[in-house]
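# What would the 3D arrangement of this be:
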Amino acid sequence: MSMERNPRRWKIRRRHVSVRSLAKRKVSPCYEGDASQTGKRTRYSGSHLPEDIWHHICSFLPLKDVARAARVSHVFLRSWRCHPNLTFSKKIMGLSTESRRQGKITRDYNNKIGHILKNHSGIGVKILNLEFYGPYNLSHCLDSWLQIALTPGIEELTLTLYPKRKQTLDKENYNFPSSLLSNGSGNSIRALNFLGCAFRPTVDLGCMRSLTSLSLCFVHITGDELGFLLSNSISLEILNLSCCLEIIFIEIPCLLKHLSRLTVSDCNVLQVIESKAPNISSFTFDFKDRNVDLLLGESLRVKEIEICHPCVLRDARTMLPSSTPNLQTLTICSIDEEFSTPMLPSKFLHLKYLVITVIECAFPAHYDLFSLVSFLDASPCLETFDLDVRMILHEHDMIVEDPSQLEGIPGHRYGNLRRVRIIGFCPRKMLVKLTCHILENTPSLECITLDIIRDRTACSGDEVVSCYPREATLVEAPKALKAIQTYIEGKVPSTAKLNVVEPCNRCRGVDV
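Residues are numbered from 1 along each chain as shown. As a prediction, the model looks like this:
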C-alpha cells in the first residue's frame with residue numbers, strides 16, 4: 001500500500017522522528033503535527049510521558065545533545081534548564097585547540113559557558129566539571145558561574161584551571177571562594193577535585209559530611225587549611241595530594257575512620273606525614289628527590305604501599321615490618337641509596353607481591369645488588385617478585401669467569417615464590433649472583449623472566465615498523481645472553497619455565 005493511500009502509517013512515522021535528526025535540520029522548536037478537522041496545526045509535545053521521566057531520560061544524555069533537544073520542545077527545554085551533568089571543556093564544546101587562535105577560541109568558550117549557565121535554573125545540578133582557560137582578570141565571571149551551579153544537592157565538583165602561556169601552575173591565579181561550600185552545597189558533595197587554583201578553607205567551612213573523595217593537584221593550600229578541611233570530612237575514603245607546594249606538615253586525624261587510600265606526591269616543601277587514621281589499607285608516597293618523615297603509627301590494616309624517595313630500600317626494610325605488619329603488596333622505587341640493604345631479623349609475614357625498581361642516579365659504586373636478598377629472606381609468603389634494574393654497567397661490575405664468586409648464601413628457602421621477573425637484566429656480577437641464588441633456593445618456582453630490553457618503547461609488537469633501543473642495550477645484549485647461557489640456564493628447575501626477552505630483529509638492524 002502506498003504512503004499516499006495510508007495516511008495513518010505516515011502519521012505514525014512522523015511521530016517517531018528522532019529528536020537528534022530534528023535538531024540537526026534546525027526545525028522550529030514547535031513541531032507541527034497533522035491538520036485536524038478544524039484546519040489548525042497542533043504543537044508537538046513528544047510522548048505523553050510525565051515530565052519528570054523526560055528529565056530523567058535527558059539526564060543521561062551528553063550536554064550537546066540535551067542542548068539540541070531543547071530546540072525541539074518546551075519539555076526538553078525545561079529538562080535543559082535543570083540538566084544535572086554540566087561538563088565544560090573545549091573538546092566537549094566543539095572548539096578547536098589550534099594554538100594560533102587560542103585567544104578568540106577562549107573568548108568564544110567563555111561566552112558559551114556564560115550563556116548556558118545564565119539560562120540554567122541552578123536546580124538539580126549533580127555534577128559540575130569545569131575547565132577554565134583564563135583570562136584570570138575575568139575571575140569574577142568564574143565566581144558567578146560557580147555560584148549558579150553550586151547549589152544544595154550537588155555531588156561532584158571538578159575545577160581545572162589551565163595557566164596562560166608562559167605561566168606555570170606555581171602561581172596563585174584564582175582563589176576558590178570556599179564560602180560557596182558553606183551554604184548547604186558542601187553537605188551533599190561526594191567528590192571534590194581541584195587543579196591549579198588556591199583553596200583556603202577555614203574553621204567556618206562547615207560540615208562536608210558526604211565527601212568521600214578529595215583530590216588536590218597544584219593547589220595552594222597550607223597544612224593548617226588542609227587540616228580544617230579534613231576535620232570536616234568525616235566520611236572521606238580517598239585522599240590524593242599532588243604538587244601542593246605550601247604544605248609542610250600533613251596530619252591525618254583519627255576521626256577519618258573511613259579513609260582507606262592515601263596518595264601524596266611531589267609536595268616539594270613537605271617534611272612530615274603523620275597518619276592517625278585507623279583503617280587506611282593503601283599508601284602511595286612519591287617524593288623522588290627528598291626525604292619525608294613518615295609517621296604511620298601501627299597501621300594494622302595497611303595491605304598495599306607504593307613508595308619512592310632517596311634511601312627507600314633501607315627505610316622500607318627497617319621500618320615497614322613493624323609499622324605495617326599485615327602488608328601484602330609492596331612497590332618500591334629507589335633513586336639513591338647510600339648503603340646496601342641491611343640484613344635484619346624482622347619479617348614481612350604476609351607479603352605476597354614485591355616490586356623493586358632501582359634507578360642509578362647517585363648510587364655509590366659499592367652498592368651491592370645482592371643485598372636485595374634481605375627482602376626475600378624476610379618474606380616467607382612471597383609469591384611474585386619483580387625487579388627493574390636501570391643501572392649503568394661499569395667495567396668493575398662485569399661478571400668474572402670464576403663461578404665460585406656467584407655462590408649465594410646457603411640455608412635459604414623461598415617455599416612460596418612462583419614468579420620472578422627481572423627487567424634490565426645485564427651481566428652485572430651481583431645481579432647474576434642474585435638470580436642464581438633465587439634459582440637454587442626456590443623449589444616452588446614456576447616461571448622466571450629475564451628481560452634484557454630496558455626501553456619499554458622498543459620491541460612493542462609487530463605493528464611497530466622500527467625499534468629504537470638504547471645503544472647500551474644493544475652493546476650489553478650479547479654479554480647478557482652469554483651470562484644466561486653460562487651461569488643461569490643450568491640452574492633453572494625442571495618444573496620452571498625460563499623466558500628470555502631479547503632485542504628483536506628490527507633492533508639488531510640499528511647501527512650502534
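# contacting residues around the nearest residue to Ser260 once chain neighbours are set aside?
Of all residues not flanking Ser260 in the chain, Ser281 sits nearest, at 5.0 Å (CB to CB, 6 or more residues apart in numbering). In short, each C-beta sits where N, CA and C put it, glycine included. Neighbour list for Ser281: Ser260, Arg261, Arg301, Val302, Lys303, Glu304 [criterion: CB atoms under 8 Å, 6 or more residues apart in numbering].
# Name the member of those residues with the shortest distance to Thr331.
Nearest to Thr331, judged by CB to CB, of the contacts of Ser281 is Glu304 at 8.1 Å.
# number of nearby residues for the closest one?
As a burial measure, Glu304 scores 17 neighbours (other CB atoms under 10 Å).
# Look up which residues are beta-bridged to it.
Ser282, Thr329 (DSSP bridges).
# for Leu146, phi and psi?
Dihedral pair for Leu146: phi -60, psi -40, per degrees, to the nearest 10.
# ok, now the one 5 residues further on?
Here is the backbone geometry of Thr151 (degrees, to the nearest 10): phi -120, psi 160.
# what about it, how many residues close to it?
Thr151, neighbours per other CB under 10 Å, totals 18.
# Model confidence score at it, please.
Looking at Thr151, its pLDDT is 87.
# isn't it right up against Ser185?
Yes - here Thr151 reaches Ser185: they are 5.8 Å apart, a contact under CB atoms under 8 Å.
# Now, of the contacts of Ser281, which are buried?
Among the contacts of Ser281, the ones that count as buried by 16 or more other CB atoms under 10 Å are Ser260, Arg261, Val302, Lys303, Glu304.
# What is the nearest of those residues to Leu241?
Arg261 (11.9 Å).
# From what I see, the closest one and Asn279 are in contact.
No - contact criterion CB under 8 Å: Arg261 and Asn279 do not qualify, at 10.4 Å.
# Which one among the contacts of Ser281 sits at the bottom for pLDDT?
Lowest pLDDT among the contacts of Ser281: Arg301, 87.
# residue contacts, that residue?
Counting by CB under 8 Å, 6+ apart, Arg301 has contacts Pro278, Asn279, Ile280, Ser281, Asn326.
# ok, now with 7 Å
Asn279, Ile280, Ser281, Asn326 (CB atoms under 7 Å, 6 or more residues apart in numbering).
# Kindly provide the distance from it to Pro321.
16 Å (CB to CB, to the nearest Å).
# ok, which stretches of the stretch 51-200 of the chain are helices?
With DSSP state H, counting those that start in this stretch as the criterion, the stretch 51-200 of the chain has helices at 51-58, 63-69, 74-80, 102-118, 139-149.
# go on, the stretch 201-350 of the chain?
Going by DSSP H, counting those that start in this stretch, the stretch 201-350 of the chain shows helices at 223-231, 312-323.
# Switch these over to CSV; also include mean neighbour count and distance to Arg200.
Shown next, in CSV, are those (neighbours: other CB atoms under 10 Å; distance: least, CB to CB, whole Å):
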stretch, mean neighbour count, distance to Arg200
helix 223-231, 19, 6
helix 312-323, 18, 33
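# Of all the ones you listed, which one is nearest Glu274?
Of all the helices of the stretch 201-350 of the chain, helix 223-231 comes closest under CB to CB, at 10.5 Å.
# what packs against that closest one?
In terms of contacts (3 or more CB pairs under 7 Å, 6 or more residues apart in numbering; DSSP states H and E), helix 223-231 is packed against strand 249-252.
# so what's the residue nearest to Ser182 when sequence neighbours are not counted up against?
Of all residues not flanking Ser182 in the chain, Gly206 sits nearest, at 4.5 Å (CB to CB, 6+ apart). Contacts here follow CB under 7 Å, 6+ apart; on that basis Gly206 touches Leu181, Ser182, Gly186, Asn232.
# what's around the first one, how many residues?
What it means is Leu181. With other CB under 10 Å as criterion, Leu181 counts 25.
# Touching, it and Leu205? I think so.
Yes - counting by CB atoms under 7 Å, Leu205 is a contact partner of Leu181 at 6.4 Å.
# can you list the weak-confidence ranges in the chain?
1-82, 96-101, 122, 164-168, 289, 298, 360-365, 392-411, 454-473, 505-512 (pLDDT under 70).
# got the buried ones among the contacts of Ser281 as JSON lines, with distance to Ser379 columns?
Listed next are those as JSON lines, based on distance: CB to CB, whole Å:
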{"residue": "Ser260", "distance to Ser379": "24"}
{"residue": "Arg261", "distance to Ser379": "23"}
{"residue": "Val302", "distance to Ser379": "16"}
{"residue": "Lys303", "distance to Ser379": "14"}
{"residue": "Glu304", "distance to Ser379": "15"}
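# between the residues you listed, which is closest to Val420?
Using CB to CB, those come closest to Val420 at Glu304, 20.4 Å.
# what sits against that closest one?
Ser281, Ser282, Gln328, Thr329.
# and it, how far is that from Ala316?
For Glu304 relative to Ala316 (CB to CB), the value is 13 Å.
# cool, and Arg200?
36 Å.
# show me what contacts Glu383?
So Glu383 contacts Lys352, Tyr353, Asn416, Leu417, Arg418, Arg419 (CB under 7 Å, 6+ apart).
# Now, of those, which are buried?
Lys352, Tyr353, Leu417, Arg418, Arg419.
# Spell out which helix or strand contains the residue lying closest to Phe370 once chain neighbours are set aside, please.
Nearest residue to Phe370, sequence neighbours excluded (CB to CB, 6+ apart): Met430, at 4.4 Å. Taking DSSP states H and E as the definition, one finds Met430 inside helix 429-440.
# next one: Val389
Going by DSSP H and E, Val389 is part of strand 384-390.
# Got phi/psi on the nearest residue to Val501 once chain neighbours are set aside?
Counting by CB to CB, 6+ apart, Asp451 is the residue found nearest to Val501 once chain neighbours are left out, at 4.1 Å. Here is the backbone geometry of Asp451 (degrees, to the nearest 10): phi -100, psi 110.
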